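K.L.:
next one to model:
(one chain, ligands or ions: 1)
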Amino acid sequence: MPKNFKIAGLGSYLPEKILTNADLEKMVDTNDKWITERTGIKERRIAKEGQPSSDLAVEAAKIALKNASLDPKEIDLILVATITSDMLCPSTACVVQDKLGATNAAALDISAACSGFVYGLVVCHSLICQGQYKKVLLIAAETLSKITDWKDRSTCVLLGDGAGAAVLIPSNSDKEGLLASTLGAMGSAGNLICLPGGGSLNPATHKTVDERLHYLKMQGNELFKLAVKSLVEAAKTVMQKAKVKPEDINLFIPHQANMRIINASATRLGVPMEKVFINIDKYGNTSAATIPIALDEAFRAGRIKKGDLILLDAFGGGLTWGACLLRW
Ligand code: UT7
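P.N.:
Here you go, the predicted structure:
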């Protein structure tokens with residue numbers, strides 16, 4: 001059996017269209033100063049009309065496959081983490097399988113909101129280490145702009161679209177891969193981020209649309225406190241499990257939800273800001289996609305080297321949270 005997995009290739013894709021804070025000032029009662037000071041976001045990317053999450057996923061996946069020197073037909077499993085699936089059925093992973101021509105792959109979606117990529121890594125790690133799958137494509141893709149209420153200034157300034165992908169393969173080295181992980185959930189607080197309409201509870205009707213139930217609702221203030229607490233606890237748990245100290249971490253990649261959440265988490269963990277990867281200013285919160293996009297950008301920027309210790313830390317709807325400690 002393999003001892004671990006390793007990341008054979010990374011990729012990311014951001015739609016071309018940029019929506020700046022100045023653009024938002026013309027849409028809702030907000031301003032650049034408030035958004036910058038309260039969130040750290042300056043701009044975000046927006047998918048085109050008719051461009052679903054699967055299109056973003058496929059673009060990111062193609063780059064990851066190229067970097068891993070693999071043909072889509074060699075992939076035996078595709079996992080897509082998303083809360084903005086193209087349709088409720090089929091899964092976005094099946095749509096991606098078809099668009100890529102990855103005809104030999106099983107396909108399923110993971111619904112863990114912003115923690116989806118971290119949840120996916122843990123699932124992939126188990127499946128690969130059990131010898132069940134050998135060439136796995138893990139993608140996180142979101143088109144949050146399609147479920148954003150553009151009249152709600154408390155959420156629309158935060159969200160953006162994007163996708164990140166990783167190709168995972170078995171490794172027989174005990175010096176690389178996933179060193180420790182933790183996943184958690186608090187379903188009792190699920191109401192703090194939810195999309196009430198269009199599911200089996202409130203099937204889509206004229207009434208659900210009139211009541212704007214098909215848009216994401218968020219109770220930002222409540223989430224803020226839980227976000228910092230969960231991110232810090234999850235990170236401490238994986239560091240304890242792997243017997244590493246904050247000073248051993250080479251790069252900390254937290255979920256990009258709010259710059260103040262990132263600052264507070266890094267401070268409480270004792271990780272200096274120069275070791276924290278930040279791109280929230282460019283893309284806002286792209287839910288599950290923030291971590292793989294950041295991982296890809298960090299790698300391409302030369303901020304990840306062989307042997308480095310990388311801490312991934314996520315929190316989001318569900319509520320869900322999870323952290324992974326990777327040795328590169
Ligand atoms: O992806 C994971 C899940 N999401 C999160 O983790 C999000 C966590 N929460 C947050 O990031 C922050 O709570 C927000 C950025 C959403 C809000 O920041 P805040 O500092 O918690 O602001 P607030 O909700 O307490 O609102 C403060 C004021 C309010 O005005 P009053 O009542 O004090 O007069 C809001 O109405 O700011 C007002 N406000 C705005 N003003 C200008 C809210 N949104 C805006 C806006 N522009 N876009």
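K.L.:
and Lys236, what element?
P.N.:
Using DSSP states H and E, Lys236 sits in helix 220-242.
K.L.:
could you pull up the mean pLDDT of that helix?
P.N.:
Averaged across helix 220-242, pLDDT comes to 96.
K.L.:
which elements pack onto it?
P.N.:
Contacts defined by 3 or more CB pairs under 8 Å, 6 or more residues apart in numbering; DSSP states H and E place helix 220-242 against strand 177-185, helix 259-269, strand 309-316, strand 320-327. Using the backbone N, CA and C atoms, a C-beta is placed for each residue, glycine as well.
K.L.:
export these to JSON lines and append columns for mean pLDDT and distance to Asp109.
P.N.:
Compiled in JSON lines, the helices and strands packed on helix 220-242 are given as follows (pLDDT from 0 to 100; distance: least, CB to CB, whole Å):
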{"stretch": "strand 177-185", "mean pLDDT": "97", "distance to Asp109": "17"}
{"stretch": "helix 259-269", "mean pLDDT": "98", "distance to Asp109": "26"}
{"stretch": "strand 309-316", "mean pLDDT": "98", "distance to Asp109": "15"}
{"stretch": "strand 320-327", "mean pLDDT": "98", "distance to Asp109": "14"}
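K.L.:
of all these, which one is nearest the ligand?
P.N.:
Smallest distance to the ligand across the helices and strands packed on helix 220-242 (CB to the nearest ligand atom): 4.3 Å, for strand 309-316.
K.L.:
how about the residues of this structure near the ligand?
P.N.:
Residues of the chain lying close to the ligand by CB under 6 Å from any ligand atom are 30, 34-35, 38-39, 114, 153-154, 157, 193, 218, 220-221, 223-224, 227, 257-258, 261, 285, 315-316.
K.L.:
surely Met27 is in contact with Trp150?
P.N.:
Yes - counting by CB atoms under 8 Å, Trp150 is a contact partner of Met27 at 6.1 Å.
K.L.:
which neighbours do these two have in common?
P.N.:
Each of Cys156 lies in contact with both Met27 and Trp150 under the rule CB atoms under 8 Å, 6 or more residues apart in numbering.
K.L.:
all helices of the stretch 101-250 of the chain, in order?
P.N.:
116-129, 153-156, 206-210, 220-242 (DSSP state H, counting those that start in this stretch).
K.L.:
hey, which of those is tucked in deepest?
P.N.:
helix 116-129 (a mean of 23; mean count of other CB atoms under 10 Å).
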